[in-house]
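K.L.:
Any chance you could fold what I've pasted below:
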Amino acid sequence: MNNAVHNGVWSGTWVAERLGVELVGDDALPELLGLALRRNPKRAHLLVSNVLGKHVPQSPAVVYDQGFALGERVRELLGADESRRAVVLGYAETATGLGHCVADGVGLAPYLHSTRRPVDGVARAGGFEESHSHATSHLLLPENRDLLAGPGPLVLVDDEFSTGNTVLNTIRALHERYPRERYVIVALVDMRAAADVARLADFAQEIGAQVDLVAAAKGTVRLPEGVLEKGQELVAEYENPHPGARGSDMCGSAARARQATTSPQSPHNQPTRVELRWPRGLPDGGRHGFTPGHRIRLETALPAMAAKLAETLPDDARRILVLGFEELMYAPLRLARELEQVREGVEVRYSTTTRSPVLAVDDPGYAIRSRLVFPAHDDPADGPGERYAYNVAGAGFDAVVAVVDSAADTPRLHAPDGLLATLAAHTPNVVLAVVPSYVPAPSHVPERPRMLPEPLRGPAFSSYPPDEVGWLLRDLSDVQLEAPTEEREEAIQAGGAHYAESLPVEYQPSEQYQELFRAALDTSAARIAQAVGAVTELVLSERSPRPVLVSLARAGTPVGVLMRRWAQHRHGLELPHYAVSIVRGRGIDANALRWLAAHHDPADVVFVDGWTGKGAITRELADAIKEFEASDGITGFDPEIAVLADPGSCVRTYGTREDFLIPSACLNSTVSGLISRTVLRADLVGPHDFHGAKFYRELADGDVSVDFVDAVAARFPEVADAVDTTVKDLLAADRAPTWEGWAAVERISEEYEIHDVNLVKPGVGETTRVLLRRVPWKILARAGAGADLDHVRLLAEQRGVPVEEVAELPYTCVGLIHPKYTRGATGADGKAVSA
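P.N.:
Predicted coordinates for the structure are as follows:
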């Protein structure tokens with residue numbers, strides 16, 4: 001790697017000799033740091049990091065690995081449980097990329113960095129001052145207002161710690177609003193004097209919090225008397241050389257750099273723009289928060305983006321610089337690191353532009369040997385001013401890739417004295433890559449809600465613990481709603497009743513059937529856990545970093561509980577989870593949507609179900625949301641359902657598309673919190689009521705609801721790696737719905753002369769429901785289907801339903817409801833008739 005000692009000369013020698021500044025401490029310090037002089041009235045010297053990727057072009061692998069290794073040390077320090085609860089906070093502008101890398105090393109921590117760029121419509125969650133910087137005010141603008149409010153450790157990342165003042169200001173400001181028990185400070189170098197170390201320890205004792213420190217190297221800077229004044233004199237001398245001064249020692253003075261920036265571009269090196277195809281909706285960095293799910297999306301997209309970049313660069317370019325932009329450090333770093341792997345035999349370096357004014361002196365004993373100067377091009381809050389790129393001029397780069405966000409892709413960037421023209425004067429090839437600036441959606445401010453009841457919770461309603469799910473339902477436990485299966489089927493098919501107006505008599509499983517359930521659960525728990533992890537990670541990555549899970553009662557509810565548990569297990573997130581009713585032909589409960597809109601941002605709501613059959617509920621939900629938006633004027637709900645299994649290819653957000661046995665489909669209320677199917681009947685559910693349901697307390701002895709989710713959640717640790725692999729594959733795949741399940745159902749409906757797709761129930765889950773709740777006619781089973789159908793065969797045998805093997809079936813099985821049912825069509829025992 002490039003280091004601060006070149007040909008035996010340390011890049012701090014020039015300053016040390018003239019100012020008497022000394023670095024004292026770990027042997028690694030001269031390798032990590034050089035010295036330069038600042039144009040800053042508050043501090044004369046600048047510690048120039050050789051591994052930060054800010055002022056000194058460096059191998060992107062070296063830069064990334066330094067931060068990642070520090071993150072791994074934090075994870076080891078905190079332990080697995082505390083690491084999952086941690087939040088990482090990086091400092092603008094120099095440590096925004098370093099903080100990202102530390103968060104990657106911690107593993108599951110969300111990341112936020114401070115910013116000096118206000119964003120319209122985004123409320124401040126805090127701010128603090130940096131005492132020695134030329135630009136002091138830091139803003140905290142998280143999209144998720146709860147990001148900093150959790151009790152877990154806060155990991156603060158900066159490139160260096162010199163006095164500790166910045167950290168004290170940060171902790172003081174944040175601890176007043178969000179007190180917590182533990183802080184971890186991370187830096188490449190800890191250069192505080194003994195008094196500053198003691199001051200931080202006293203402060204930690206004062207606020208009653210534990211403060212740990214992780215640094216790659218430690219030491220201190222010894223400064224002689226009058227160093228500030230002497231440093232200012234040197235800066236003045238070398239920036240405005242008088243006759244006899246050694247002006248030849250300096251390359252890139254303000255005057256000479258300005259002259260370079262105004263040099264006309266030659267026609268052959270006009271900048272080339274490359275379209276990266278940055279993933280839609282993916283934040284460009286941590287200004288508003290960056291979650292582990294965001295990182296997975298980025299890593300999945302990086303190979304294709306780096307390939308596009310490589311195609312744009314000349315084949316003969318052997319030295320390439322990827323140049324980031326001020327706070328935008330992480331995205332360019334990851335692109336550079338990927339490019340480094342794609343372009344074998346090519347030297348890739350990485351650095352970024354900066355607001356920080358530093359004297360440039362062309363001397364091997366000085367850390368900043370050249371300086372390019374150009375005007376700010378991102379409409380900064382503090383007005384126009386100069387910006388800088390160091391150690392680029394004269395470095396011999398064959399190509400420079402300038403990576404900026406779209407907010408900085410302004411006419412000033414392309415002006416004759418702008419950054420692109422300045423670079424073009426010093427390299428034959430300039431490439432511009434623009435990353436979309438991520439701007440959070442405006443905060444949702446709901447209208448005053450109508451007087452709707454609060455969610456029902458266990459143990460008063462359901463056997464789930466109260467924090468697992470809130471039921472947006474009306475309790476109809478005291479109402480007699482059950483009717484014999486045959487009577488319900490006849491009324492439904494005759495058009496005299498809707499299936500949601502009554503309830504089937506709850507199936508009481510035999511001991512043999514319960515054994516099948518237990519065996520199926522034991523066999524498939526890990527498989528389900530992997531699907532739960534995959535679909536939850538997709539939701540966190542693509543839908544919202546703070547989703548509100550809304551399961552479709554009741555088959556979706558165990559899945560919602562498990563997704564909530566995965567988010568808690570893997571990311572330390574406490575996601576809200578509610579269950580609502582949706583009824584085919586009647587739509588979703590509009591009052592439940594009104595309640596959700598009054599308490600949460602609709603854009604964060606993710607509807608959850610267990611599986612897809614032919615996609616009827618998927619279509620029902622989409623239509624219902626459109627109708628609700630038209631009637632209430634409340635927008636933002638996304639009708640896309642997240643499911644555990646999508647054998648019908650009806651949705652984009654799923655854990656698997658395999659049609660396999662999900663044991664919760666084997667049972668009714670006893671695996672769903674002892675809650676019935678939902679009920680919608682005008683005499684029971686008024687215009688301001690939620691849809692209804694019953695709580696079968698009397699079935700508590702046979703309840704396995706919590707046992708089921710416990711058994712699956714117990715397998716979470718062992719499937720973590722498999723989930724990561726699955727998620728990467730899913731994010732890279734074309735997951736657009738093909739609706740092949742619906743097409744198969746239409747074909748079966750006609751082939752078996754049913755002529756009604758509502759009587760064809762595809763998939764293991766739906767077939768099980770037919771056998772438990774409806775009057776089945778026959779079961780179609782894919783030839784060779786194994787243990788996934790053991791419970792189906794047992795139920796079919798108990799009800800006298802024939803099972804027909806079919807060679808080419810897109811599902812493992814399909815249940816057919818009797819197409820012309822009357823009570824006369826069954827025998828005295830109530831079993832299905834033969835065709």
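K.L.:
need the helices for the stretch 301-450 of the chain, in chain order.
P.N.:
Counting by DSSP state H, counting those that start in this stretch, the segments of the stretch 301-450 of the chain that form helices are 330-342, 419-424.
K.L.:
looking at these, which is closest to D707?
P.N.:
The stretch from those with the least distance to D707 (CB to CB) is helix 330-342; that distance is 43.4 Å. The C-beta positions use only the backbone N, C-alpha and C, and glycine is treated the same way.
K.L.:
Give me the buried stretch members for the closest one, please.
P.N.:
Across helix 330-342, burial judged by 16 or more other CB atoms under 10 Å covers 330-340, 342.
K.L.:
pull the longest helix from this structure.
P.N.:
Longest helix in the chain, counting residues (DSSP state H): helix 511-538.
K.L.:
State the mean pLDDT of that helix.
P.N.:
Confidence for helix 511-538, expressed as mean pLDDT, is 87.
K.L.:
The spatially most central residue of the chain: which element?
P.N.:
Geometric centre of the chain, nearest residue: G293, 2.9 Å, by CA atoms, centre = their mean. Per DSSP states H and E: G293 is located in helix 292-312.
K.L.:
which ones are touching G365?
P.N.:
Taking CB atoms under 8 Å, 6 or more residues apart in numbering, we find G365 in contact with 9-14, 17.
K.L.:
Give the burial count for the nearest residue to H691 once chain neighbours are set aside, as a bare number.
P.N.:
Spatially, and ignoring its direct neighbours in sequence, H691 is nearest to S581 (3.5 Å; CB to CB, 6 or more residues apart in numbering). Neighbour count of S581, defined by other CB atoms under 10 Å: 27.
K.L.:
same thing with S676?
P.N.:
Other residues lying near S676 total 23 when counted by other CB under 10 Å.
K.L.:
repeat for D623
P.N.:
13.
K.L.:
which SS state does it fall under?
P.N.:
On the three-state scheme (DSSP: H, G, I helix; E, B strand; the rest coil), D623 is labelled helix.
K.L.:
and if you look at the one 4 residues further on?
P.N.:
Using three-state DSSP as the criterion, the local structure at E627 reads helix.
K.L.:
Could you pull up the residues touching the spatially closest residue to it that is not a sequence neighbour?
P.N.:
Once flanking residues are discounted, E627 sits nearest to G587: 6.5 Å by CB to CB, 6+ apart. By CB under 8 Å, 6+ apart, the contact list for G587 reads 620, 623-624, 627-628.
K.L.:
From V643, how far out is G587?
P.N.:
Using CB to CB, to the nearest Å, G587 is found at 19 Å from V643.
K.L.:
What of A732?
P.N.:
Distance of A732 to V643, computed by CB to CB: 20 Å.
K.L.:
Settle it for me: which of those two has more neighbours?
P.N.:
The neighbour count for A732 versus V643, taken as other CB under 10 Å, is higher for V643 (28 against 14).
K.L.:
what distance separates the strand or helix carrying the more buried one from the middle of the whole chain?
P.N.:
For V643, the enclosing helix or strand under DSSP H and E is strand 641-645. Distance of strand 641-645 from the chain centroid (CA atoms, centre = their mean, to the nearest Å) equals 18 Å.
K.L.:
can you check stretch 173-190 too?
P.N.:
The answer for stretch 173-190 is 23 Å, by CA atoms, centre = their mean.
K.L.:
mind checking how far the residue nearest to E627 is from D623?
P.N.:
Per CB to CB, G587 is found 7 Å from D623.
K.L.:
Can you name the residues that contact V274?
P.N.:
Counted by CB under 8 Å, 6+ apart, V274 has contacts 308-309, 312, 401, 431-433.
K.L.:
run the last query once more with 6 Å
P.N.:
Applying CB atoms under 6 Å, 6 or more residues apart in numbering to V274 gives the contacts 308-309, 312, 431, 433.
K.L.:
tell me the two of the residues you listed that are most distant?
P.N.:
Across the contacts of V274, no pair lies farther apart than K308 and V431, at 10.5 Å, counting by CB to CB.
K.L.:
Of these two, give the one with the bigger neighbour count.
P.N.:
V431 (24 against 15).
K.L.:
What count of nearby residues applies to D398?
P.N.:
When neighbours are counted by other CB under 10 Å, D398 registers 17.
K.L.:
separation between the nearest residue in space to K694 that is not next to it in sequence and A460?
P.N.:
Spatial nearest neighbour of K694, chain neighbours left out: S676 (4.1 Å); criterion: CB to CB, 6+ apart. S676 sits 16 Å away from A460, going by CB to CB.
K.L.:
again with T670
P.N.:
T670 sits 18 Å away from A460 when distances are taken as CB to CB.
K.L.:
So between these two, which is more surrounded?
P.N.:
T670 (26 against 10).
K.L.:
ok, that one touching D701?
P.N.:
No: look at T670 against D701 with CB atoms under 6 Å: they stay out of range, at 9.4 Å.
K.L.:
lowest confidence element among the helices and strands of this structure?
P.N.:
Least confident helix or strand of the chain, by mean pLDDT, DSSP states H and E, is helix 254-261 with a mean of 37.
K.L.:
Following element in sequence after it, please.
P.N.:
Proceeding N to C from helix 254-261, the next assigned helix or strand is strand 272-274, under DSSP H and E.
K.L.:
Next, work out how far apart the residue nearest to E627 and L621 are.
P.N.:
Applying CB to CB to G587 and L621 gives a distance of 8 Å.
K.L.:
list the buried ones in stretch 30-42?
P.N.:
Neighbour-count burial for stretch 30-42, with 16+ other CB under 10 Å as criterion, is recorded at 30-40.
K.L.:
Adding secondary structure, distance to E658 and pLDDT, write the residues you listed out as JSON lines.
P.N.:
Formatted as JSON lines, the buried residues of stretch 30-42 follow (DSSP: H, G, I helix; E, B strand; the rest coil; distance: CB to CB, whole Å; pLDDT from 0 to 100):
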{"residue": "P30", "secondary structure": "helix", "distance to E658": "58", "pLDDT": "90"}
{"residue": "E31", "secondary structure": "helix", "distance to E658": "53", "pLDDT": "91"}
{"residue": "L32", "secondary structure": "helix", "distance to E658": "51", "pLDDT": "94"}
{"residue": "L33", "secondary structure": "strand", "distance to E658": "55", "pLDDT": "94"}
{"residue": "G34", "secondary structure": "strand", "distance to E658": "57", "pLDDT": "94"}
{"residue": "L35", "secondary structure": "strand", "distance to E658": "61", "pLDDT": "94"}
{"residue": "A36", "secondary structure": "strand", "distance to E658": "59", "pLDDT": "93"}
{"residue": "L37", "secondary structure": "strand", "distance to E658": "64", "pLDDT": "92"}
{"residue": "R38", "secondary structure": "strand", "distance to E658": "61", "pLDDT": "83"}
{"residue": "R39", "secondary structure": "coil", "distance to E658": "63", "pLDDT": "72"}
{"residue": "N40", "secondary structure": "coil", "distance to E658": "61", "pLDDT": "71"}
